[in-house]
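Participant: structure of the sequence below:
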Amino acid sequence: MSKITEHIYGKLQIYVQPKEKVQAENLLHRLRSRQLYRELVKYAKDDHLINATVYQTHHGYSLHGKISGHHVELANEDLAMCVELIDEKSKLEAFCEKHAALLKGKMIVFKAVEFWQI
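Facilitator: Numbers count the residues shown, from 1 in each chain. The predicted structure is shown next:
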């Protein structure tokens, strides 16, 4: 019988809109779209976080904003996306401090979670 090994980690959920972009720093960045949620995943990988995933929400609001919903035929650039990061709490805190300029004013939720290895 296999034994489960538990590790205590943290889960960070950052809510952003698909239309939010990272400000271009050079000509190359101006030539391609730099959506915030994609850049956050790239920065998480660069910072060696254990997991980074993006979820598209279907209906709701964030930070007292207006209610937005998914439409079958039209993209809704106002509908929130959730960037979920998992790692040790100290590494998630360091990530937020390092990228504070990008995360300022965003809805950020932290929760302790267990990671199981079998």
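Participant: mind listing the strands for this structure?
Facilitator: 5-16, 51-56, 59-60, 68-69, 81-87, 107-117 (DSSP state E).
Participant: show me what the spatially most central residue of the chain bridges to in the sheet.
Facilitator: By C-alpha atoms, centre = their mean, the mean C-alpha position of the chain lies nearest to Val83, the distance being 2.0 Å. Per DSSP bridges, the residues bridged to Val83 are Ile14, Val54.
Participant: who touches it in this structure?
Facilitator: Gln13, Ile14, Tyr15, Val16, Tyr37, Leu40, Val41, Ala52, Thr53, Val54 (C-beta atoms under 8 Å, 6 or more residues apart in numbering). Using the backbone N, CA and C atoms, a C-beta is placed for each residue, glycine as well.
Participant: in a markdown table: the residues you listed, plus distance to Leu63, neighbour count and pLDDT.
Facilitator: Shown next, in a markdown table, are those (distance: C-beta to C-beta, whole Å; neighbours: other C-beta atoms under 10 Å; pLDDT from 0 to 100):
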| residue | distance to Leu63 | neighbour count | pLDDT |
| --- | --- | --- | --- |
| Gln13 | 13 | 14 | 98 |
| Ile14 | 12 | 23 | 97 |
| Tyr15 | 8 | 20 | 96 |
| Val16 | 11 | 21 | 95 |
| Tyr37 | 16 | 22 | 95 |
| Leu40 | 17 | 23 | 97 |
| Val41 | 21 | 18 | 97 |
| Ala52 | 22 | 20 | 98 |
| Thr53 | 21 | 11 | 98 |
| Val54 | 19 | 16 | 97 |
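Participant: nearest to Ile67, of those?
Facilitator: Tyr15 (14.0 Å; C-beta to C-beta).
Participant: so the closest one makes contact with Tyr61?
Facilitator: No. Tyr15 is beyond contact range of Tyr61, at 9.8 Å (criterion: C-beta atoms under 8 Å).
Participant: shared neighbours of these two, anything?
Facilitator: With C-beta under 8 Å, 6+ apart, Tyr15 and Tyr61 have common neighbours Ala80.
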